[in-house]
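1. A predicted structure for the sequence below; I have some questions about it.
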Amino acid sequence: MVEVINTLGPKQTDSYRAGQHYLNQKQITGRLQLYSSYEELLDNLKRLGGQLLLIPTAFQAATGPFSWGDVHYRFLEKLDLLDSFVYELEPVVLVRKIATTSKRVYTHRATKELLHALPLGKLEVVYTPSKYEAYQRYLVDGRYALTNKYNLILGQGEVVEQEYHVKMIWALYRIKGE
């Protein structure tokens with residue numbers, strides 16, 4: 001049987017890498033189905049019965065105060081917790097454009113606590129579904145972004161202000177059928 005793990009995409013996300021890691025470590029034949037946000041994935045649970053859901057325990061919805069704990073309890077009748085594991089995120093970096101008038105800071109809501117050194121009262125924090133998307137939006141009109149180090153292509157006039165190494169707990173669920 002081929003297992004399908006539903007998680008956050010694109011392939012540049014930690015969720016994708018954690019899913020690949022899990023399949024390899026457990027020697028499971030499977031594939032990853034990627035979504036642009038966990039909210040989109042959760043909206044589609046009804047049609048995913050029997051498949052798997054992989055989510056980090058630090059999950060925070062980009063659109064508001066909705067966390068992994070909320071997912072765990074809200075979908076108690078639809079999700080069966082199968083496994084958990086520790087998998088380190090790619091290094092997270094705070095990158096800054098030196099010569100910009102932009103006041104935008106792009107980040108995934110789960111990593112917002114890493115912004116503690118910034119003068120947030122003078123900046124506009126914009127939440128995105130992933131650190132990868134945070135970086136893509138920063139390239140257009142941002143001053144700062146928290147992103148994965150390996151997504152970063154440092155240009156002239158940009159500096160890495162901080163680098164973080166983060167171990168993450170991942171939760172794997174079986175999505176119950178109707």
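-> Thanks, I have it.
2. right, and the helix or strand after the strand or helix carrying Val4?
-> Using DSSP states H and E, Val4 maps to strand 3-8. If you walk from strand 3-8 toward the C-terminus, the next helix or strand you reach (DSSP H and E) is helix 14-25.
3. quick check: mean pLDDT of that following helix?
-> Averaging pLDDT along helix 14-25 yields 97.
4. and what of stretch 46-66?
-> Mean per-residue pLDDT for stretch 46-66: 90.
5. and it, how far out from the chain middle?
-> 10 Å (CA atoms, centre = their mean, to the nearest Å).
6. send me it as PDB with only the CA atoms.
-> The C-alpha trace of stretch 46-66 is given here as PDB (Å, rounded to 0.1, in the frame of the first residue of the first chain):
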ATOM      1  CA  LYS A  46     -13.500  15.000   4.300                       C
ATOM      2  CA  ARG A  47     -12.100  13.700   1.000                       C
ATOM      3  CA  LEU A  48      -8.800  12.500   2.500                       C
ATOM      4  CA  GLY A  49     -10.100   9.600   4.600                       C
ATOM      5  CA  GLY A  50      -7.400   6.900   5.200                       C
ATOM      6  CA  GLN A  51      -4.500   9.200   4.300                       C
ATOM      7  CA  LEU A  52      -2.000  10.800   6.600                       C
ATOM      8  CA  LEU A  53      -1.600  14.400   7.900                       C
ATOM      9  CA  LEU A  54       1.800  15.700   9.000                       C
ATOM     10  CA  ILE A  55       1.900  19.000  11.000                       C
ATOM     11  CA  PRO A  56       4.500  20.600  13.200                       C
ATOM     12  CA  THR A  57       3.400  21.100  16.800                       C
ATOM     13  CA  ALA A  58       4.400  24.800  16.500                       C
ATOM     14  CA  PHE A  59       1.800  25.300  13.800                       C
ATOM     15  CA  GLN A  60       0.000  28.700  13.900                       C
ATOM     16  CA  ALA A  61      -2.500  29.700  11.200                       C
ATOM     17  CA  ALA A  62      -1.400  32.600   9.100                       C
ATOM     18  CA  THR A  63      -4.900  34.000   9.300                       C
ATOM     19  CA  GLY A  64      -5.400  34.100  13.100                       C
ATOM     20  CA  PRO A  65      -5.000  32.500  16.400                       C
ATOM     21  CA  PHE A  66      -5.400  28.900  15.400                       C
END
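7. list the contacts of Thr100.
-> Counting by CB atoms under 8 Å, 6 or more residues apart in numbering, Thr100 touches Gly142, Arg143. In short, each C-beta sits where N, CA and C put it, glycine included.
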